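Undergrad: sequence? don't have it. structure:
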Ligand code: ADP
Ligand code: MG
């Protein structure tokens, strides 16, 4: 479904990712773990198409090459990224942002009142599930939001857009235990076997709630080791150091 081949990413002539390969099948949850500065956020931004990154290699969704497409085109194809540090967007309400995003997606027209009313009801319902009150959807996007609210906002967008490839960068940072539970419930809601998930995280904490099928360690610009859930438990117990030795 989602296939990354020989991906190279650099920022201002600094090589961050050096030949990364990854294949995610429908219904699979993959975790990418790695120490600070390993390039996890750069990888997620490269997959989404951040214009300031220099990217070589192949990123395919259902056989279609996306590596040359701009961010909005990738979003339309079904790629979604929940940011580690979501931006504040002054003057734009949560409900407006999500309405625009939905209407930009094929098939949902803003003038189609019935569809939009339904979408709004679903939005309010999802906000409730994420532990936010009704007023949340009328607030300006991320303006004055707490860390946990910003993360819930990312989840709200994910639930509305129902993307095919869901990339979550440090989605649990800033969240308390209840918040993590809500995030894992949101992921479970969408995990119907037609989508795939890439959970990018430094801490193993989220992986206790969202069970990954595969865990990969990213270091020195590459996936240096792949395994299953046990790898995350081992990292929790022993840290990254033992995996980083001899892998430069
Ligand atoms: P991680 O998410 O794994 O902690 P990042 O992808 O944020 O790592 O960063 C990887 C490396 O790229 C770091 O060494 C970081 O300093 C560098 N980096 C990230 N963004 C920039 C930038 N805009 N300019 C220069 N270096 C950057
Ligand atoms: Mg990061």
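TA: Thanks, I have it. These numbers were taken from a predicted model, which means no experiment stands behind them. Ligands and ions are numbered 1, 2, ... in the order given.
Undergrad: pull the longest helix from this structure.
TA: helix 113-129 (DSSP state H).
Undergrad: Tell me the buried residues in it?
TA: 116, 119, 120, 123, 124, 126, 127, 129 (16 or more other C-beta atoms under 10 Å). For glycine as for every other residue, the C-beta is placed from the backbone atoms N, C-alpha and C.
Undergrad: Run a quick check on the last one versus residue 182, I expect a contact.
TA: When you say that, I think you mean residue 129. Yes. Counting by C-beta atoms under 8 Å, residue 129 does reach residue 182; the two are 7.0 Å apart.
Undergrad: Now do the same contact list for the nearest residue to residue 136 once chain neighbours are set aside.
TA: Using C-beta to C-beta, 6 or more residues apart in numbering and skipping residues adjacent in sequence, the residue nearest residue 136 is residue 127, 5.0 Å away. Shown in contact with residue 127 (C-beta atoms under 8 Å, 6 or more residues apart in numbering): 133, 134, 136, 137, 152, 156.
Undergrad: swap in residue 199?
TA: 29, 30, 31, 32, 168, 171, 206, 207, 210, 212 are the contacts of residue 199 under C-beta under 8 Å, 6+ apart.
Undergrad: hmm, try it at 6 Å
TA: Taking C-beta atoms under 6 Å, 6 or more residues apart in numbering, we find residue 199 in contact with 31, 168.
Undergrad: Just grab the bridge partners of it for me.
TA: Residues in a beta bridge with residue 199, per DSSP bridges, are residue 31, residue 168.
Undergrad: Model confidence for it, exactly?
TA: The confidence metric pLDDT takes the value 97 at residue 199.
Undergrad: coming back round to it: the contacts of residue 127, buried ones only, as a ChimeraX selection?
TA: If you want just the buried ones from these in ChimeraX, going by 16+ other C-beta under 10 Å, the selection is:
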select :136,137,152,156
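Undergrad: Can you tell me which of the contacts of residue 127 is nearest ligand 1?
TA: residue 152 (21.0 Å; C-beta to the nearest ligand atom).
Undergrad: what's stretch 67-82 in contact with?
TA: Taking C-beta under 6 Å, 6+ apart as the rule, stretch 67-82 contacts 44, 48-49, 58-59, 61, 66, 154, 158, 163-168, 171.
Undergrad: Of those, just the buried ones, PyMOL syntax please.
TA: Filtering the contacts of stretch 67-82 down to the buried ones (16+ other C-beta under 10 Å) takes a single PyMOL command:
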select buried, resi 44+48+49+59+61+66+154+158+163+164+165+166+167+168+171
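Undergrad: From the contacts of stretch 67-82, which land in strands?
TA: If you go by DSSP state E, the contacts of stretch 67-82 have 58, 59, 61, 165, 166, 167, 168 in strands.
Undergrad: restrict these to those near ligand 1?
TA: The subset of the ones in strands among the contacts of stretch 67-82 within reach of ligand 1, by C-beta under 6 Å from any ligand atom, is empty.
Undergrad: any chance of the contacts of residue 127 in TSV, plus secondary structure and distance to ligand 1?
TA: Conversion of those to TSV gives the following (DSSP: H, G, I helix; E, B strand; the rest coil; distance: C-beta to the nearest ligand atom, whole Å):
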residue	secondary structure	distance to ligand 1
133	coil	32
134	helix	35
136	helix	28
137	helix	30
152	helix	21
156	helix	23
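Undergrad: Now the longest helix of the chain: average pLDDT?
TA: Mean predicted confidence for helix 113-129 is 88.
Undergrad: so how far is it from its chain's centroid?
TA: Relative to its parent chain, helix 113-129 has a centroid offset of 22 Å by C-alpha atoms, centre = their mean, to the nearest Å.
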